[in-house]
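[1] give me a 3D structure for the following:
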Amino acid sequence: MCGLFLEFKVTNWGISMTASLGMPAFAGVSRVKSGQNHKSGKPIQVCVLSHDGLCPLEYGIANSVFSVRNSDSHINGGYGFCVLDISESAHSNLSPNGGRSPDYSVLSTIDIIVIPGWKDVMQSVPSGLKDALCAANARGARIAVMGTGVFLLAACGLLDGKRVTTHWRYLDEFQMRYPNVTVDTDVLFVEDQNILSSAGGISGLDMCIHIVRADFGATVANVVARRMVMHDGKGQGQSKFISRSLPRAYQGNLAPLLDKIRESISEDWGIERMAQESRSSARTLQRRFKDATGHSPHMWLTIERIEFAKDLLETTSLHVQQIANVTGLKTPETFRHHFKRLTGISPTRFRSQFTSANDIDGEVAEAALG
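    From the prediction side, this is the model:
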């Protein structure tokens, strides 16, 4: 299932999006392995799988993010991009025996494989695709799946012992079918070693922007995001520290409240204040938040604050107490606790991944964050 927040048009680069997007760009992430700070100058090869019954929104997101022109985004080497069409319609009537299998060997040289939600969670995986994905996983390629795509990887045996997420409608079924996989029910996307998974729909955009950010840093990720989002997301309460331009939330009539919270995120935002601002009861607001964002108001606010903290860690040399104050987390202890809980690493380790890009002295950052 996916919401239609976008307009699509076919171009030489695939499908591009021309309308505003709608979902916050943050998540609980276990950052174990990624392509951090790509400096080789060689393109990172990305392949998106096109299949029958895919979600057009998710497919369009992957095409738009990774087919971005290098000259527009200042990416060092950038992404090499292709689409592998494995749909039945693309491979029927191509031979006397009724069809021809897709050329899965294409995936043997791919660095990142992106799979929009799988068409049927009960359908078996083609043997050629299973072999290709297992081989890609074995050599360390990143595999990013959206929504029900986790069923595909689980069926391939690639998720045992891993942490993932998926669309909320399929959480119970996935947990029942694959008990050896840990399912995180309260995040937009998860990265566990070389496997990335998103909750489906527009959360796939957050995952894809995260990949760009991991490969090329926040500045490039913001450039790519600005190409895709009409509103640049500058909040008055944050602009003196950083211009945030990653995708913002536009879920129905909650948008004004979410924007106001972002613009004054350092303030106290309890459920009663949120309800008063939205002119609804606390109970009604809880339900509306869950429907619109997939989170409780408290969880959404915490994720928002941690995402802002990540931006500050990447682009400033603010100390932990300053970041705690600016983000509304108040104390260094609270900041560290929530940061580690949602990202899987400490603020120090996170900042160290970007110090060279932002000219922050490593020893100073270490002392500041502890």
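
[2] what's the neighbour count on the nearest residue to residue 50 once chain neighbours are set aside?
    Distances taken as CB to CB, 6 or more residues apart in numbering put residue 85 closest to residue 50, at 4.5 Å, once the chain neighbours are dropped. Every C-beta, even on glycine, is put in place using the N, C-alpha and C of the backbone. Residue 85 has 14 neighbours, counted by other CB atoms under 10 Å.

[3] then residue 179?
    Residue 179, neighbours per other CB under 10 Å, totals 10.

[4] look up how far residue 51 lies from the residue nearest to residue 50.
    According to CB to CB, to the nearest Å, residue 85 stands 8 Å off from residue 51.

[5] now residue 314
    35 Å.

[6] how about stretch 205-213 as CSV, C-alpha atoms only?
    Extracted C-alpha coordinates of stretch 205-213, given in CSV (Å, rounded to 0.1, in the frame of the first residue of the first chain):
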residue,chain,number,x,y,z
LEU,A,205,12.6,8.1,0.4
ASP,A,206,14.1,8.5,3.9
MET,A,207,16.0,5.3,3.4
CYS,A,208,17.3,6.3,0.0
ILE,A,209,18.4,9.8,1.2
HIS,A,210,20.1,8.1,4.1
ILE,A,211,22.1,6.0,1.7
VAL,A,212,23.2,9.1,-0.2
ARG,A,213,24.0,10.7,3.1
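
[7] endpoints of stretch 146-164, how far apart?
    Stretch 146-164 has an end-to-end distance of 11 Å (CA to CA, to the nearest Å).

[8] for this structure, which residue is closest to the average position?
    residue 207 (1.4 Å; CA atoms, centre = their mean).

[9] tell me what the helix or strand containing that one is packed against?
    According to DSSP states H and E, residue 207 maps onto helix 203-216. Other elements packing on helix 203-216 under the criterion 3 or more CB pairs under 8 Å, 6 or more residues apart in numbering; DSSP states H and E are helix 56-66, strand 142-146, strand 189-192, strand 195-198, helix 218-228.

[10] low pLDDT regions in the stretch 201-350 of the chain?
    Within the stretch 201-350 of the chain, the set of residues satisfying pLDDT under 70 comprises 226-253.

[11] tell me where it has strands.
    Per DSSP state E, counting those that start in this stretch, the stretch 201-350 of the chain carries no strands over any range.

[12] and the protein, what are its domain boundaries?
    8-216, 232-369 (automatic domain parsing).

[13] buried deepest among the ones you listed, which one?
    domain 8-216 (a mean of 19; mean count of other CB atoms under 10 Å).

[14] circling back: need the domains of the chain in CSV with distance to residue 222, can you?
    Listed next are the domains of the chain as CSV, based on distance: least, CB to CB, whole Å:
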stretch, distance to residue 222
domain 8-216, 9
domain 232-369, 5
